[in-house]
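Engineer: Sharing a model that was predicted from the sequence below.
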Amino acid sequence: MRWLFLLALLPNLFLAQVNPTWAADQLITADSKTVTGYVARINLDKADEVYEALQRAEAYFQSKQYQDSQAASSIPPIAFVIYGPDVEIFFKENYRSFKPIVDLAARLSALEVIDVKVCQVSYEREGLDKATLLPFVSSVPFGPAEVSRLLEEQEYSYF
């Protein structure tokens, strides 16, 4: 039974890898009339996951559906709520280590495609100082609570 499920998903995964805008196109057409915003789904402890999610956001921004939806209504930026050890990506002292991720995030933030927020509990646990937070990043008291708030109260959907 598992093999049938995997075989059914395999063509979709292949298409998403070959054409990154395909996944973004599918996202928009699936539920664009009822979605008030999107929150990025990112696995913890994997900086590569953050970069992949940013690339999906960039593909979404470049898609025709995004351009059409922006003309029709104002969709808020995709919320990137980062918590856990990955918060270190968005602090000045770590810029060299995470340059490709930070540069893409800064560009998408400037274009108002994304809104990056980091968890205060997480960065304090990592010994990071809010004063060295990159200027395009804001902080929230507790990351998981912010994700829940966006999904439940603001009726966001996962990106």
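Structural biologist: Thanks, I have it.
Engineer: which stretches of this structure have low pLDDT?
Structural biologist: 1-35, 44, 66, 68-73 (pLDDT under 70).
Engineer: Report the contact partners of the residue nearest the centre of the chain.
Structural biologist: Central residue of the chain (Cα atoms, centre = their mean): A40, 3.4 Å from the mean position. Going by Cβ atoms under 8 Å, 6 or more residues apart in numbering, A40 touches 53, 56-57, 78-81, 114, 158-159. C-betas here are computed from N, CA, C, even on glycine.
Engineer: The residues you listed in strands, which ones?
Structural biologist: If you go by DSSP state E, those have 78-81, 114, 158 in strands.
Engineer: Quick one: buried ones out of those residues?
Structural biologist: Listed as buried from those are 78-81, 114; burial here means 16 or more other Cβ atoms under 10 Å.
Engineer: ok, back up a step: for the ones in strands among the contacts of A40, give me a markdown table that also has distance to E152.
Structural biologist: As requested, the ones in strands among the contacts of A40 are arranged in a markdown table below (distance: Cβ to Cβ, whole Å):
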| residue | distance to E152 |
| --- | --- |
| I78 | 17 |
| A79 | 13 |
| F80 | 18 |
| V81 | 14 |
| I114 | 21 |
| Y158 | 13 |
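Engineer: Among those, find me the one that's closest to K92.
Structural biologist: Nearest to K92 among the ones in strands among the contacts of A40: F80, at 18.0 Å, using Cβ to Cβ.
Engineer: tell me the contacts of the closest one?
Structural biologist: F80 sits in contact with 39-40, 42, 50, 53-54, 57, 105, 114-117, where contact means Cβ under 8 Å, 6+ apart.
Engineer: quick one: which of those residues is nearest A145?
Structural biologist: Closest approach between those and A145, by Cβ to Cβ: K117, at 11.4 Å.
Engineer: Secondary structure element holding that closest one?
Structural biologist: Per DSSP states H and E, K117 falls inside strand 114-119.
Engineer: I'd like the distance between the residue nearest to the centre of the chain and S74.
Structural biologist: Noted for A40: a distance of 19 Å to S74, by Cβ to Cβ, to the nearest Å.
Engineer: circling back: show me which pair in the contacts of F80 is furthest apart.
Structural biologist: Taking Cβ to Cβ as the measure, those span a maximum distance of 15.1 Å, between V39 and A105.
Engineer: the more surrounded of those two?
Structural biologist: Shown here are V39 and A105; by other Cβ atoms under 10 Å, A105 has more neighbours (26 against 22).
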